[in-house]
Structure formats: structure tokens, C-alpha cells
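**Student:** dropping a prediction and its sequence here:
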Amino acid sequence: MRFVFTGGGTGGHLYPAIATHEALMRLVPTAQCAYVGARTGIEARVAPELGIEFVGVATRKVRRNPIHPSTVLALVALVRGTLQCRSFYRRFRPSAVLGTGGYVAAAAVLAAQRMGIPTAILAPDAVPGRTNLIMSKRADRVCTWLGHPHSEYPASSSVATGFPVRSGVLEPVDKGVARRCLGLDESRPTLFVTGGSQGAMGINHLVASALGHFQEDLQVLHQTGPNQQLAAVQLEKLRCGYVAMPFLDEKQMPLALAAADLVVSRSGASTLAELTGTGIPSILIPLPTAYADHQTANARCVEAAGAALLLSQPQLAGETLAQSVLSLLGDECALQRMSVAATEFGRPGAADTVARILLDLGA
């Protein structure tokens, strides 16, 4: 059996595909897999490192303004990408295709649908995305999580699966060991801050402002993003411990999550799946410019379950963020309740569920 995974540009699209690939190979070790992605995305590097054949195709982001001049270029790229995918499929002959999001997934999934190849898409957000809505009309399966069911998706093909998380993230790691591996103090309360694989300038600025309000015994591990600069702050004058890392790779991220008592992050579906899958309490600061404000809708689902605290970035100051962090870290009972709620809300078996769906489609 042969399968194609597609989606890219960010870790939020790549990592669920990798998680599903891991599960698929556990179920059918002889399966052959390929990854269709953007030539400039992180998938171009990660997929080959994992032994997955990588196929780079044309892709271009579609702006929100439909009359913007770049829209024409984006449509041209979509057509080119679709033709490139059709050419690859004729050679590879996949049994099924899984799309995890991003503009490259539109070309790959639409090409498969036009060729009669079974397709499944991951649609985990509480607000359906534009690309997923288009692909869902002809998808054989629409795998959802937050806000299920969605009236916008066909009821006949929608199934609540959760969002696949890599096995390495879900494996238990001793907190002390994780902190030592990351160069942190084993005995100090630990806050992990992340804006995703690309970083988040808004969160970086808030954290820079909040650092001066933290007490001496707290330590902060901050994934700043490879192309982000932390707002000016005199680190040598901080009372708390502070460790900044531009990027956490596939081995470091599970350690960072295991080391944390509390996490501050955006609320993309992939991040939320990792936090709830590992039962970590969190403070969620949604990206205010996300399409249809879907990150706020995502965060509300997790907050309603009792697993997180939602803070809105436009009204948030560094001092307020610091107060929220210190209040939670000072309440062990509250952290425990949030951890239990996160564990109950998460679906750690999602990767196996989606892998079995692909096997059924490809049979």
C-alpha cells in the first residue's frame, strides 16, 4: 500500500502528518509513503530526515483580499502545483492521500480527488478554514476535533478523531531529567513559553515585559522563533532564571513540555493537541490576526473544558500576564485540576485513528 501526506509551511501542518505516518508504519510496516510539500517549508528538510520521499511543488499564499494582485499569482501556483501532483501520482499510484492543511495541501488533495484517489483531511479547528471547506466537499473523510460537529462539513464524511500527536511527545519523561537535558534547574518552578515553530512576536514582547515581575525562584524557558527578536530587556538584572532558544527540534520539544509546570502559548490546533495530550496546564494567547479568529475559538473550547486560561492579546499587558502566571503557579490545586481536565479533553490515540481511516480508504 502507498500513501501520500501533504501539508506544510509550519510545524502545525507537518507534525500531525508525521504522527500519522508513525502510526501507519506501526500498523503496516511495509507501507510506502511520500510527502508532498512546499519547497521552502520545513517539511522539505524534516521528511527526508525521517526517510520519507519528499516531493516539492509550487505553492503561494492566498491573501485575504481577493482583488490583490498576488491572488492571480496564487491561483497560477495552485494550477501548477495541481499538475505537478497529478504527474507524481501517476508514477507513485497512492492508495490514499491525507491533507493536513496549508496551501500546498489544496493542490495535492484536489489533484487526488480529480483522479479518483481516496482523500482524507484534518480539520481540527473550531472554525473551519477556507481551504478545508473547499476540500471537504469531495473528501472521503473529514477528521475533526475542536467544535465537532461542524455544520459546514458534510455530515456523511465527518468523524471526530482528535488531532494526531507524535509519539515522542506523548511518551512520559521525568521532569527532572527533562530539565537537566535543557540546562535548567531541576528544583525551580518552570514556565515554558512558545509561539510555535515560527515564533510569535506579540508573545515575545509580552514576555519581555513580564519577566521583571517574576520572583527569584521561577525559571522561564522561551522558544522565541528562529527569526524573531525578543524585545529589549536587561536580562542580567532579572530575578528569575531565563533561557531563550530560537527553535526546539523534534527531540527538544517533548523535553520542554515535560519540564514545564505551566505553558504560555498560541492556540493553534497542533499546539493544543500536544498540551492536552500530555496534560499540561496552559495560558493561551490566541493570534489576533488568525483567519476568522479561529485561534480564539480554539482556546475557548479548551478553557471551557477547564484545561486552560484564555487571555486576549490586544488587551493584555506584561504585568497582567505575570500576575496570571504567578497566580496559577502558586495554586497547586488549580494546576492539578487543569492537568486532569487537559488529559480528559485530549485524544492521545488520534494518530492511530487517522492511520486506520487511511488504511480503510486505501483497501
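**Tutor:** Looks like it arrived, so ask away.

**Student:** so what's the nearest residue to Asp217 once chain neighbours are set aside up against?
**Tutor:** Leaving aside its chain neighbours, Asp217 sits nearest to Arg188 (5.6 Å; criterion: Cβ to Cβ, 6 or more residues apart in numbering). The way it works is simple: take the backbone N, C-alpha and C, and place the C-beta from them, glycine included. When contacts are counted by Cβ atoms under 8 Å, 6 or more residues apart in numbering, Arg188 touches Asp217, Leu218, Gln219, Gly241.

**Student:** tally up the residues packed near the last one, please.
**Tutor:** Other residues near Gly241 come to 17 when the count uses other Cβ atoms under 10 Å.

**Student:** the nearest residue to it once chain neighbours are set aside bridge partners, please.
**Tutor:** Leaving out its chain neighbours, the residue that sits closest to Gly241 by Cβ to Cβ, 6+ apart is Gln219, at 3.5 Å. Taking DSSP bridges as the rule, Gln219 bridges to Thr190, Gly241.

**Student:** what about the helices in this protein?
**Tutor:** Using DSSP state H, the helices of the chain run over 11-27, 43-49, 69-92, 103-114, 130-136, 167-170, 175-181, 201-210, 252-259, 269-277, 294-304, 318-329, 332-345, 350-362.

**Student:** reformat those as JSON lines; add mean neighbour count and distance to Ile283.
**Tutor:** Formatted as JSON lines, the entries for the helices of the chain read as follows, by neighbours: other Cβ atoms under 10 Å; distance: least, Cβ to Cβ, whole Å:
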{"stretch": "helix 11-27", "mean neighbour count": "24", "distance to Ile283": "19"}
{"stretch": "helix 43-49", "mean neighbour count": "18", "distance to Ile283": "28"}
{"stretch": "helix 69-92", "mean neighbour count": "16", "distance to Ile283": "35"}
{"stretch": "helix 103-114", "mean neighbour count": "25", "distance to Ile283": "30"}
{"stretch": "helix 130-136", "mean neighbour count": "19", "distance to Ile283": "27"}
{"stretch": "helix 167-170", "mean neighbour count": "18", "distance to Ile283": "19"}
{"stretch": "helix 175-181", "mean neighbour count": "16", "distance to Ile283": "19"}
{"stretch": "helix 201-210", "mean neighbour count": "21", "distance to Ile283": "10"}
{"stretch": "helix 252-259", "mean neighbour count": "22", "distance to Ile283": "15"}
{"stretch": "helix 269-277", "mean neighbour count": "26", "distance to Ile283": "11"}
{"stretch": "helix 294-304", "mean neighbour count": "21", "distance to Ile283": "10"}
{"stretch": "helix 318-329", "mean neighbour count": "18", "distance to Ile283": "6"}
{"stretch": "helix 332-345", "mean neighbour count": "16", "distance to Ile283": "10"}
{"stretch": "helix 350-362", "mean neighbour count": "21", "distance to Ile283": "24"}
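
**Student:** would you single out the least confident of those?
**Tutor:** Least confidently modelled of the helices of the chain is helix 69-92, at a mean of 85 by mean pLDDT.

**Student:** show me what that helix is packed against.
**Tutor:** Packed against helix 69-92 by the contact rule (3 or more Cβ pairs under 8 Å, 6 or more residues apart in numbering; DSSP states H and E) you find strand 2-6, strand 32-38, strand 53-57, helix 103-114.

**Student:** could you dump these into TSV with distance to Ile18 added?
**Tutor:** Conversion of the helices and strands packed on helix 69-92 to TSV gives the following (distance: least, Cβ to Cβ, whole Å):
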stretch	distance to Ile18
strand 2-6	8
strand 32-38	9
strand 53-57	12
helix 103-114	14
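
**Student:** which phi and psi values does Ser95 adopt?
**Tutor:** Backbone torsions for Ser95, taken as degrees, to the nearest 10, come to phi -80, psi -30.
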